[in-house]
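A.B. asks: missing the sequence, but the structure's below:
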């Protein structure tokens, strides 16, 4: 069975304090790994797609990396507006379904 | 260009009542899907559609029906609401299935008493 586990569940950071979120996955034949950001009361918003081990993507203060077993979302010098829940999800080569992890709630204090 | 529009935003039902959650898109995407989001459970797929006239079950389909008569609309029907269906429901679309990023609506918060 496909599994996606995110850690930690919650993260409190001071503004400017860099950190990393982990997404470990068990899926046969990974097609792609996605990162989303979700603000309270809103739907998830797409951030990145990673397709193969070694791939990296960056957007402003966020950088996503991928290995054969896990992905990291690095937040560099975060600001309060980076506070959100970050979700990762995987899809495999066969099928039309996305499996989500439980998310990491990030709070950045000024 | 609204993207994905979900109605209503909030709904309270009594056990046994039925209702339809609406999802409409103006992006002309073929793939549409319904998820529910519960604390500690993440997002779970209920039903999905790869085009008009085609639907399939996801991970948690029991108690829900869908149909897709047009590209734009993908309603989710609760046949006889149960307290276990209390959740936040999201409609999500993409250009070409789950290999493309999903674009989500802002959700319907449903409470069943």
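C.D. replies: Structure received. Treat the numbers as computed from the prediction; the structure is a model and nothing was measured. Numbers count the residues shown, from 1 in each chain, chains lettered A, B, ... in the order given.
A.B. asks: is it true that residue A:32 touches residue A:52?
C.D. replies: No: assessed by Cβ atoms under 8 Å, residue A:32 is found out of contact with residue A:52, at 9.3 Å. The C-beta positions use only the backbone N, C-alpha and C, and glycine is treated the same way.
A.B. asks: For the two, indicate the residue with more neighbours.
C.D. replies: residue A:32 (19 against 10; other Cβ atoms under 10 Å in any protein chain shown).
A.B. asks: who does the more buried one bridge with?
C.D. replies: Taking DSSP bridges as the rule, residue A:32 bridges to residue A:91.
A.B. asks: who touches the spatially most central residue of chain B in this structure?
C.D. replies: Using Cα atoms, centre = their mean, the residue of chain B that lies closest to the mean C-alpha position is residue B:34, 3.0 Å off. Contact analysis of residue B:34 by Cβ atoms under 8 Å, 6 or more residues apart in numbering or on different chains lists B:21, B:23, B:45-48, B:58, B:64, B:66, B:74, B:76, B:89-92.
A.B. asks: Who does it form a beta bridge with?
C.D. replies: In beta-bridge terms (that is, DSSP bridges), residue B:34 pairs with residue B:47, residue B:91.
A.B. asks: Relative to chain A, how far out is it?
C.D. replies: As judged by Cβ to the nearest Cβ, to the nearest Å, residue B:34 and chain A stand 12 Å apart.
A.B. asks: Contact residues of chain B facing chain A?
C.D. replies: Counting by Cβ under 8 Å from any Cβ of the partner chain, the residues of chain B close to chain A are B:4, B:31, B:40-45, B:48, B:50, B:56, B:58-59, B:90, B:92, B:97-99, B:101-107.
A.B. asks: Of the residues you listed, just the buried ones, PyMOL syntax please.
C.D. replies: Buried residues among the residues of chain B next to chain A (16 or more other Cβ atoms under 10 Å in any protein chain shown), as a PyMOL selection:
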select buried, chain B and resi 4+31+42+43+44+45+48+50+58+90+92+97+98+99+101+102+103+104+105+106+107
